[in-house]
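*Asks:* The following block contains a protein sequence and its predicted model.
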Amino acid sequence: MTTTAITPAPLEPIRPDIDKKESNISYWTLGAHALTFLLGVVIAFIAQNLLRAETVTFSTTSLISFLFGIALSAASTILAIAAISLGKASERVMIERSDASIRLQNEVFLKTTEALARIESSTGVTEKRIEDIISGRAGELSHAIAQRLEEQDTGGTKNRTLLESEIRASLMEELSSSSRTQQLEQRKEKKKQLEDANFKYRTFQNDLLVAIANSGIARSEKMGNGNFGAEGDELFDGVFSVSGQRIGVSVFATMPPLMQSHIKYFRTFLLTAAKEIQDRRFQHIIVAFDGEVDANTEYRAIFSEVSELLKTEVVERFTLIDGAGQKAIEKTVEYLRSLPTPPSETLKLASSS
């Protein structure tokens with residue numbers, strides 16, 4: 001007879017119930033008990049004095065002081081209770097906000113994870129489609145090559161199916177490597193185009209600002225890089241003063257890689273510059289391009305759309321200058337020389353603003 005030993009189950013430690021709320025006594029109850037105790041002590045002393053048949057006299061000053069003391073004690077007790085209540089309330093609010101913040105962070109984390117998962121899945125699908133396309137194309141080519149060899153009867157002893165598989169593997173390897181090489185070449189070409197566009201833009205910007213400063217007709221107030229999202233002098237690449245008139249100069253690129261980035265901010269720049277003219281902080285705005293700009297370009301279209309929204313006297317203060325090589329720089333200097341001297345009233349108004 002075989003006896004089986006019964007192993008007793010391990011006893012789990014009894015943990016205190018964390019969720020169980022302990023009973024609390026409010027501060028109002030404590031204050032009421034304390035006040036009752038004080039009143040009881042006072043009544044006991046009064047009863048003791050009555051039994052002793054002693055006469056207690058209070059002067060007016062002592063009575064008023066006694067009443068004020070009681071009032072101040074009660075007020076201080078109430079203020080202390082109110083301060084404790086406010087502290088508890090603020091602590092509760094901070095805890096609730098902390099919980100809400102943690103919940104929002106968790107939601108953002110989950111949404112970010114879902115977005116990354118979707119991107120990963122879509123990328124995998126795209127790569128799979130590319131592989132399928134290459135594989136399908138390689139299969140068609142291998143089949144056609146094998147059929148052509150069979151028709152020519154070259155005397156080979158290999159099976160047609162085996163020949164197709166070898167040709168397909170060779171084509172797959174060649175097409176995949178050529179695709180990766182092509183992608184690398186495209187990236188290098190885009191990087192080179194962006195570097196060339198940036199070099200042309202910076203060179204033209206520097207030459208233009210230096211030419212204006214050395215022309216002898218303008219006093220330089222700022223030379224550097226402007227910010228499309230700024231206001232005042234920081235909006236423009238250069239700020240010059242000609243015959244008391246403040247002129248803002250900004251340069252925009254015409255080569256495709258950098259031009260697309262500048263076109264995105266061209267409308268915002270025009271509207272901000274128009275506000276500078278309306279506020280009389282600037283009297284003229286020069287928009288110079290580092291190359292020729294045709295009438296059908298997006299720069300011209302955006303300027304026409306913005307011009308319809310502005311007043312005529314504001315649009316007349318804008319001057320667009322373009323040209324290949326040094327032509328744009330020469331046109332800018334000639335334009336500054338042709339500016340008429342404003343009346344004395346206009347100069348006073350511009351300087352006061």
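*Replies:* Received it, and whenever you're ready, just let me know what you need.

*Asks:* quick one, helices of the stretch 1-150 of the chain?
*Replies:* If you assign secondary structure with DSSP state H, counting those that start in this stretch, the helices in the stretch 1-150 of the chain sit at 27-51, 60-152.

*Asks:* for the stretch 151-300 of the chain, which spans come out with low pLDDT?
*Replies:* Per-residue confidence for the stretch 151-300 of the chain (pLDDT under 70) gives these ranges: 151-164, 166-180.

*Asks:* where along it do the helices fall?
*Replies:* Taking DSSP H, counting those that start in this stretch, the helices of the stretch 151-300 of the chain run over residues 160-213, 256-278, 298-309.

*Asks:* picking up where we left off before, okay if I get the helices of the stretch 1-150 of the chain as a markdown table plus mean neighbour count and distance to residue 194?
*Replies:* Where you see a C-beta, it was placed from the backbone N, CA and C, and this is true even at glycine. Output for the helices of the stretch 1-150 of the chain, formatted as a markdown table (neighbours: other C-beta atoms under 10 Å; distance: least, C-beta to C-beta, whole Å):
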| stretch | mean neighbour count | distance to residue 194 |
| --- | --- | --- |
| helix 27-51 | 11 | 69 |
| helix 60-152 | 11 | 25 |
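
*Asks:* of those helices, which approaches residue 227 most closely?
*Replies:* Of all the helices of the stretch 1-150 of the chain, the one in closest proximity to residue 227, counting by C-beta to C-beta, is helix 60-152 (30.4 Å).

*Asks:* Distance check, the nearest residue to residue 269 once chain neighbours are set aside against residue 252.
*Replies:* Excluding the flanking residues, the one nearest residue 269 by C-beta to C-beta, 6 or more residues apart in numbering is residue 228, at 5.3 Å. When C-beta to C-beta, to the nearest Å is applied, the distance between residue 228 and residue 252 equals 10 Å.

*Asks:* Residue 244 now?
*Replies:* Relative to residue 252, and taking C-beta to C-beta, residue 244 is found at 27 Å.

*Asks:* do residue 261 as well
*Replies:* Per C-beta to C-beta, residue 261 is found 10 Å from residue 252.

*Asks:* Have a look at the two and say which one is more surrounded.
*Replies:* residue 252 (23 against 12; other C-beta atoms under 10 Å).

*Asks:* Residues in a beta bridge with that one, which ones?
*Replies:* residue 289 (DSSP bridges).

*Asks:* Count the residues that sit near the nearest residue to residue 258 once chain neighbours are set aside.
*Replies:* Nearest residue to residue 258 in three dimensions, chain neighbours excluded: residue 197, at 4.0 Å (C-beta to C-beta, 6+ apart). If you count neighbours by other C-beta under 10 Å, residue 197 ends up with 21.

*Asks:* and stretch 242-255, which residues are buried?
*Replies:* Along stretch 242-255, the positions that meet the burial threshold by neighbour count (16 or more other C-beta atoms under 10 Å) are 242, 245-255.

*Asks:* quick one: terminal-to-terminal distance for it?
*Replies:* Using C-alpha to C-alpha, to the nearest Å, the end-to-end distance of stretch 242-255 comes to 31 Å.

*Asks:* do the same with stretch 314-332
*Replies:* One end of stretch 314-332 to the other measures 19 Å (C-alpha to C-alpha).

*Asks:* List the contacts of it.
*Replies:* 204, 207-208, 211-212, 249, 254, 270, 273-274, 277-278, 282-293, 299, 303, 307, 335 (C-beta atoms under 8 Å, 6 or more residues apart in numbering).

*Asks:* Same question for stretch 77-96.
*Replies:* Applying C-beta under 8 Å, 6+ apart, the set of residues contacting stretch 77-96 from outside is 27-28, 31, 34-35.

*Asks:* and the closest residue to residue 221 other than its chain neighbours, what does it touch?
*Replies:* Leaving aside its chain neighbours, residue 221 sits nearest to residue 239 (4.3 Å; criterion: C-beta to C-beta, 6+ apart). Applying C-beta under 8 Å, 6+ apart, we find residue 239 in contact with 220-222, 233, 246-249.

*Asks:* Would you mind measuring from residue 239 to residue 255?
*Replies:* Residue 239 is 26 Å from residue 255, by C-beta to C-beta.

*Asks:* one step back: hmm, residue 262 and the residue nearest to residue 258 touching each other?
*Replies:* No: using C-beta atoms under 8 Å, residue 197 and residue 262 do not qualify as a contacting pair, with a distance of 10.0 Å.

*Asks:* what residues are shared contacts of these two?
*Replies:* Between them, residue 197 and residue 262 have residue 253 as joint contacts when contacts are counted by C-beta under 8 Å, 6+ apart.

*Asks:* Return the residues in contact with the residue nearest the centre of the chain.
*Replies:* Closest residue to the average C-alpha location of the chain: residue 229 at 13.2 Å, with C-alpha atoms, centre = their mean. In this structure, residue 229 makes contact with 265, 268, judged by C-beta under 8 Å, 6+ apart.

*Asks:* Surely residue 286 touches residue 247?
*Replies:* Yes: using C-beta under 8 Å, residue 286 is in contact with residue 247, at 6.4 Å.
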